[in-house]
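Q: Sequence and computational prediction follow.
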Amino acid sequence: MEVKNVILSRVYLAYLLIILICVAVVGKAFYIQSAQGDYWKSMSDSLHQKMQMLDASRGTIYSQDGQMLSTSIPQFDIYIDFAADGLREKNGKRFRENLDSLCHHLAILFPQKRASDYRQELEYGYNKELRYYSLLKKVNFRDYQKLLKLPLVREGRNKSGFIPEVKNIRLNPYGMLAFRTIGLNRENSSNVGLELTYDSILKGKEGRRLVRFIAGGVAVPVENANEIDPEDGKDIITTIDIKMQEIVENALMKMMQENEAQKGTAIVMEVKTGKVKAIANLDRTPNGNYAEIYNNAITPTEPGSTFKLASMLAVLEDGKTDTGKSIDMEGGRWLINKRTVYDSENHGHVASVKKAFEMSSNVASAKLVYNAYGANPALFIDHLKNMGFAEKTGIDLVGERNPVIHLPGSSTWSATTLPWMAFGYSLTISPLHTAMLYNTVANNGKMMRPYLVDAIASDGVVIEKKYPHEVRTICSPEVVNKLQAMLEGVCNIEGGTGYRLLRDVPFKVAGKTGTALVAQGKLGYNAGIYQSSFAGYFPAEKPEYTCVVVIINKPRAAKYYGAAVAGPVFKEIAQRLYTMYVRRDGNEKDHGLDSLKAESSNYYFAGGVHDLHTIFKTLGINYVDSATVQKQFALVHGYEKPVLKNLNYLKGNKMPNLVGLGLKDALYLCESKGLKVFIDGVGKVTSQSIAMGDPVESGQQIKLLLN
């Protein structure tokens, strides 16, 4: 019995010892985890090393006139190492002495928190000896510079414990201006525009360095022979002119808002080079505002009547007709293969090919193309391919979609495909394709590839220059001359679809209007949505710029013709660019305003006869006076000598031409007819909402745009 008790006592003792040991182990583990956790984490982190990648600074995108269109700026996240030796020395004397002043200034610089809140936060972190406490997020560079001057922080990282973590963010300084073309580089988001197209050049090359991590994940660099510095990205200099871009975008925006349009685009190209100087894309958002969301300029649609230029080029180049020959427009209706081609209005019957084009007869275009190529439509398709309509334009911009040209013999070809193609249906091309065609005619038949990047630079030094690329010559000089005359006729000869719109412009314009029904899903063409277009170039005699405007209107819009919707946008752009950029001395132009020379052969002013007499006599200028004494106002137009001319339509209920007048004179004329005047801008009148010669009534409103 005694032996049994001895054995049991020993067992109980061993059991008790095991329990005590387990309790001690659990207690020690709890103590290590709760009381010494930060210490052992720091020990673990200090033993952890790895190769860290270093981001390169992304290059900047510039306009051709040196303005930043997209750039990277630093942004800072601020952390505090409350266990920093300098912060805790002498029992935290430095921290205690600067705490109140620091919190006061933090509340002023970053007012999202009060000084008392900052004090409570900092005291908590200090008492807990937190190693990587997050204090501030997304601090901009200017505020960061101010932060560095605050009490305690200005004593440096080792003594204050303040740790900045810098990140570069992408910024578009001009906001929405050319936003869809430029694009925006963001984390976790798909790039678009030039940011995507030239990403490999802009982003540079990552570097690397060996780091050791201390508590809280703070990385401390370790000297290592394999460290590689990052190589910053290159800058790109675009062909975009920021002043032109603003003019184009504002003109497009005004019409989009006025007509509550769904989407639109406007493009300006430099005729001789193919440089895209401005490109605006606007879409209506669900809240009724407009933003650059999609690149409508490179999205194919059915072009409508602006495509008739391509049809005329083909039939003239093949000698199938001539501009002076007659064509029967069938009274505006032509039955072909059980379908009827309609004109927008009855243009009568027989007219010259040139006149039919100027009136934009669908019947004439369809008959000319069908009669010429009905037996062999592949010849017409070959012409379209030669004009670049069967492939992308080749612009240096990712995201361009392929045009659609139906081929004879394919499942999509029908008996009416060819005649409908002739006036811009049964095919889709982008507005940029249209711009290329009209630019080619302006450039005497030489097709230029459009491009957006002019040069690549590094540290301000150009390392790669982009040059204009001539694609091909698409027709003979004789055909080009005929096409140019036809386009000028549209805008400058009475009866042309652009004549009423452009007759008061003081320089010649060549162009073509376009109005097309837009297919809308299951509703097809019955949705009542029209696309309004205007394509042309200016000045017609020595073309500098090609401009294309395409606007898709809301369903059943009251105003939808190309001349009424897209035309005014083109007109405003042309007038403003002509005033600001076009040189008339025959020399190479410079895009700086200071370098422009005054008009020596085609200037235009307006004012009172008495005032103009006084000016000429005072300056000793010889002039020819063709103004009658009873006319109070006159135009001044220069030839060999300045000439005074009468303003038209000064009497009766006809609207006079106000372009070129100062505000005082324009107001006098408008108020004498009882008109209510609204003014936009300063200077002289550049456009008027009521066209010259239109009837007016007392109380009618008119808007004047000044330059």
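A: Received it, and whenever you're ready, just let me know what you need. Residues are numbered from 1 along each chain as shown.

Q: What values do phi and psi take at the closest residue to Asn337 other than its chain neighbours?
A: Excluding the flanking residues, the one nearest Asn337 by CB to CB, 6 or more residues apart in numbering is Ala415, at 4.0 Å. Yep, even glycine has a C-beta here, placed from its N, CA and C like the rest. Main-chain dihedrals, Ala415, degrees, to the nearest 10: phi -70, psi -20.

Q: roughly how far apart are Ala415 and Ile327?
A: Taking CB to CB, to the nearest Å as the measure, Ala415 falls 21 Å from Ile327.

Q: So between the two, which is more surrounded?
A: More neighbours surround Ile327 than the other of Ala415 and Ile327, with 22 against 11 (other CB atoms under 10 Å).

Q: Need the contact partners of stretch 498-506.
A: With contacts defined as CB atoms under 8 Å, 6 or more residues apart in numbering, stretch 498-506 is touched by 490-493, 509, 511-513, 534, 536, 563, 567-568, 571, 574-575, 602, 604, 657, 659-660, 687-688, 691-693.

Q: Helices along the stretch 401-550 of the chain, start to end?
A: Remark: helices assigned in the stretch 401-550 of the chain by DSSP state H, counting those that start in this stretch are 417-422, 431-442, 477-492, 499-502.

Q: For the third one, output the C-alpha coordinates as CSV.
A: The C-alpha atoms that make up helix 477-492 are tabulated as CSV, following Å, rounded to 0.1, in the frame of the first residue of the first chain:
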residue,chain,number,x,y,z
PRO,A,477,-3.9,67.4,-111.7
GLU,A,478,-6.8,68.1,-114.2
VAL,A,479,-9.3,66.2,-112.0
VAL,A,480,-8.0,67.9,-108.9
ASN,A,481,-8.7,71.3,-110.4
LYS,A,482,-12.2,70.3,-111.3
LEU,A,483,-12.9,68.9,-107.8
GLN,A,484,-11.5,72.1,-106.3
ALA,A,485,-13.8,74.2,-108.5
MET,A,486,-16.8,72.1,-107.5
LEU,A,487,-16.1,72.4,-103.8
GLU,A,488,-15.6,76.2,-104.1
GLY,A,489,-18.9,76.3,-106.0
VAL,A,490,-20.7,74.7,-103.1
CYS,A,491,-19.7,77.5,-100.8
ASN,A,492,-19.4,80.5,-103.1
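
Q: what's the angle from that helix to helix 431-442?
A: Helix 477-492 runs at 110 degrees relative to helix 431-442, counting by axes from the mean of the first three to the mean of the last three CA atoms, to 10 degrees.

Q: Could you pull up the mean pLDDT of helix 477-492?
A: In this model, helix 477-492 carries a mean pLDDT of 97.

Q: who's in contact with Ala266?
A: Counting by CB under 8 Å, 6+ apart, Ala266 touches 248-249, 251-252, 278-280, 547-550, 569-570, 573.

Q: Please flag which of those residues sit within strands.
A: 278-280, 547-550 (DSSP state E).

Q: looking at this structure, which helix or strand is least sure?
A: strand 633-638 (a mean of 46; mean pLDDT, DSSP states H and E).

Q: before we move on, the earlier item: now flag whichever of the contacts of Ala266 is closest to Thr321.
A: For these, the closest approach to Thr321 (CB to CB) belongs to Val548, at 26.1 Å.

Q: got a list of what the residue nearest the centre of the chain touches?
A: Closest residue to the average C-alpha location of the chain: Ala178 at 2.0 Å, with CA atoms, centre = their mean. Each residue near Ala178 by CB under 8 Å, 6+ apart is listed here: 69, 240, 245, 249, 278-280, 292.

Q: redo that, cut-off 7 Å
A: 69, 240, 245, 279 (CB atoms under 7 Å, 6 or more residues apart in numbering).

Q: Out of those residues, which is nearest to Tyr373?
A: Using CB to CB, Ile279 comes nearest to Tyr373 of the contacts of Ala178, at 33.8 Å.

Q: Strands of the stretch 251-400 of the chain, residue ranges please.
A: Here the stretch 251-400 of the chain has its strands, by DSSP state E, counting those that start in this stretch, at 263-270, 276-284, 290-291, 326-328, 333-336, 339-342, 350-352.

Q: Please identify which helix or strand holds Val139.
A: Using DSSP states H and E, Val139 maps to strand 133-140.

Q: so Ala351 makes contact with Met329?
A: Yes - if you go by CB atoms under 7 Å, Ala351 and Met329 touch, sitting 6.3 Å apart.

Q: of these two, who's got more company?
A: Met329 (22 against 19).

Q: can you pull the contacts of the nearest residue to Val696 once chain neighbours are set aside?
A: Computed as CB to CB, 6+ apart, the closest residue to Val696 that is not its neighbour in sequence is Met655, at 5.1 Å. For Met655, the contact set (CB under 7 Å, 6+ apart) comprises 649, 690-694, 696.

Q: Then Val682 would be within a helix, right?
A: No - counting by DSSP: H, G, I helix; E, B strand; the rest coil, Val682 is not found in a helix; it is coil.

Q: And it, how close does it get to Glu478?
A: Per CB to CB, Val682 is found 47 Å from Glu478.

Q: Please apply the same query to Arg503.
A: Distance, Arg503 to Glu478, by CB to CB: 29 Å.

Q: Also Ile169?
A: Ile169 is 57 Å from Glu478, by CB to CB.

Q: between those two, which one's more packed in?
A: Set side by side, Ile169 and Glu478 show more neighbours around Ile169, with 15 against 11, by other CB under 10 Å.

Q: in the helix or strand encompassing the more buried one, what's buried?
A: Using DSSP H and E, Ile169 sits in strand 162-171. When burial is assessed from 16 or more other CB atoms under 10 Å, strand 162-171 yields the following buried residues: 162-164, 170.
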